[in-house]
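[1] build me a model from this:
(one chain, ligands or ions: 1)
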Amino acid sequence: MAGVYISWPFCAQKCTYCNFASGVEKPEIQKKYLDALCLHLSRQEWPFLPETVYIGGGTPSLLRPEELARIVESIPGRPWREFTMEAAPGSLQPQWVNEWVRLGVNRVSLGVQSFVEKELRQTGRRHNARTVAEDCELLRRAGIGNFNLDLIAGLPFQTEESWEESLAWLDRLQPPHASIYMLEVDEDSRLGLEILGQGSRYGAGAVAPDEDITARYERAATFLGDLGIPRYEISNFARPGFRSLHNLKYWRMEPYLGFGVDAHSFDGAMRWGSPEEVRDYVTYVRRGAPREVAVEKSRPLEERFLTGLRLDEGLPVDFAALPEALRSRIETAIDHQLLVWNGKVLRFSSRGILVSNEVFEGFLGADSAES
Ligand code: SF4
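    Numbering: from 1, shown residues only. This is a model prediction of the structure:
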């Protein structure tokens, strides 16, 4: 069964480390975007009945309920098995959350990033630990017991002790799902530009070295495992029954349709995307949202490795059927103890997970390259 992704790319502020297609925009631009998004959705001929819906961004929790209602009214299949709303802590209001529930939202992902005020202020976030605790309480009262809390290992000014403080809050709040990201500074973010230019406004000099970031990630994985929230994907941890059904579709290469800026779609054979800029997206929808704007043929074998290996359950592999180049790169990764092969399934070792991006880079193009 397939999923639907919707992008709402507007935020109350731009965080220093963020390189998503998101930002602060005037209400009239947001209105134009909303109209284009609703038009795009209303024109869609659905090749499947969606099972999951995910609205991310950006900060979709800033949408007024009547705006959210306009967006979802064209999506068939309600009640969806899972409908996730990404939310910024502090943007939740009881009436709005009740409206979300009425519209089918049954999962919320809170972009917490840290529970430590110094780290939050430095990135531009406005909430604090108490805000997050109140939001969790509000969600539970409204009947949304399925929620995720995101943390980033390696934010500027984070220390071993402050990381422990953030982890302790996970213990206090007992979320059924948590995501732990290792800070990756993109050159296009304000923090990334500052690191290149050696400035100090966004805390570039206070970013932890890579080895500390990986140590914090490992500590979090152990901590969450001990809490009964084991890892099921490189960055994602869940209690039994609380894995993200929508995100599993990406990793298992099931079809999905994306709407909004920089939203991607996959029909099982082809991939395509929409423009990254709000104005370009509005024009694109007015032109009928032509799929050929950014269409690319899927590379099924390569993609199967890049997505399937992210899951702790691993990837069933028939070595004899693999192209020589790919087989030899996998064997090298096994020899270096980055991947583990049990005779049926290939998966990352605990060391390999820490350098998964480098391992994935080694697989690029290997499905067709000569050895
Ligand atoms: S990190 Fe989230 S809240 Fe911050 S600017 Fe990016 S999308 Fe918006």
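
[2] quick one: the helices in the protein, in order.
    Ranges of helices within the chain are 27-43, 65-72, 94-102, 117-123, 129-141, 160-173, 190-197, 210-226, 245-251, 278-286, 300-308, 324-335, 350-354, 356-363, based on DSSP state H.

[3] so for residue 239, what's the nearest residue that isn't a sequence neighbour?
    With sequence-adjacent residues excluded and distances taken as CB to CB, 6 or more residues apart in numbering, residue 239 is closest to residue 176, at 4.6 Å. Every residue, glycine included, has its C-beta placed from N, CA and C.

[4] of the helices of the chain, which shows the lowest average pLDDT?
    By mean pLDDT, the lowest-scoring of the helices of the chain turns out to be helix 190-197, with a mean of 72.

[5] correct me if wrong: residue 165 contacts residue 116.
    Yes. If you go by CB atoms under 8 Å, residue 165 and residue 116 touch, sitting 5.7 Å apart.

[6] which residues does the closest residue to residue 142 other than its chain neighbours contact?
    Nearest non-adjacent residue to residue 142, counting by CB to CB, 6+ apart: residue 97, 4.5 Å away. Residues near residue 97 by CB atoms under 8 Å, 6 or more residues apart in numbering: 138-139, 142, 144.

[7] okay, residue 165 and residue 116: which has more neighbours?
    residue 116 (21 against 15; other CB atoms under 10 Å).

[8] for the more buried one, give me the backbone phi and psi.
    The phi/psi pair for residue 116 (degrees, to the nearest 10) reads phi -110, psi 120.

[9] and residue 332, how many neighbours?
    Neighbours around residue 332, by other CB under 10 Å: 13.

[10] also the one 4 residues further on?
    Residue 336 is surrounded by 13 other residues when neighbours are defined as other CB under 10 Å.

[11] leaving out the residues flanking it, which one is nearest to the residue of the stretch 101-250 of the chain found nearest the ligand?
    Proximity of the stretch 101-250 of the chain to the ligand (CB to the nearest ligand atom) peaks at residue 111, 5.3 Å away. Nearest non-adjacent residue to residue 111, counting by CB to CB, 6+ apart: residue 150, 5.1 Å away.

[12] who does that neighbour bridge with?
    Using DSSP bridges, the bridge partners assigned to residue 150 are residue 179.

[13] gap between it and residue 241?
    20 Å (CB to CB, to the nearest Å).

[14] and these two? Which one has more around it.
    More neighbours surround residue 150 than the other of residue 150 and residue 241, with 20 against 7 (other CB under 10 Å).

[15] the more buried one contacts residue 181, correct?
    Yes. Using CB under 8 Å, residue 150 is in contact with residue 181, at 6.9 Å.

[16] could you list the contact residues of the stretch 51-200 of the chain toward the ligand?
    57-59, 88, 111 (CB under 6 Å from any ligand atom).

[17] out of those residues, which one sits closest to residue 81?
    residue 57 (21.8 Å; CB to CB).

[18] so what's residue 347 up against?
    309, 311-315, 339-340.

[19] repeat that for residue 5.
    53-56, 246, 256-260, 263-264.

[20] one step back: narrow the contacts of residue 347 to those in strands?
    Filtering these for membership in strands, criterion DSSP state E, returns 315, 339-340.

[21] turn those residues into CSV, columns for neighbour count and pLDDT.
    Converted to CSV, those look like this (neighbours: other CB atoms under 10 Å; pLDDT from 0 to 100):
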residue, neighbour count, pLDDT
315, 18, 94
339, 23, 96
340, 16, 96
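
[22] considering only those, which also neighbour the ligand?
    The overlap between the ones in strands among the contacts of residue 347 and the neighbours of the ligand (CB under 6 Å from any ligand atom) is empty.

[23] and of these, the nearest to residue 357?
    Nearest to residue 357 out of the ones in strands among the contacts of residue 347 is residue 339 (CB to CB; 14.0 Å).

[24] chain neighbours aside, what residue packs nearest to the closest one?
    In space, residue 339 is closest to residue 333, 4.3 Å off (CB to CB, 6+ apart).

[25] next one: residue 314
    Spatial nearest neighbour of residue 314, excluding adjacent residues (CB to CB, 6+ apart): residue 347 at 3.2 Å.

[26] quick check: beta-bridge partners of the one you found?
    Where residue 347 sits in a bridge, its partners, by DSSP bridges, are residue 340.

[27] measure it to the ligand for me?
    Per CB to the nearest ligand atom, to the nearest Å, residue 347 is found 30 Å from the ligand.

[28] can you pull the pLDDT of that residue?
    Looking at residue 347, its pLDDT reads 96.

[29] cool, residue 289 as well?
    With respect to pLDDT, residue 289 scores 88.
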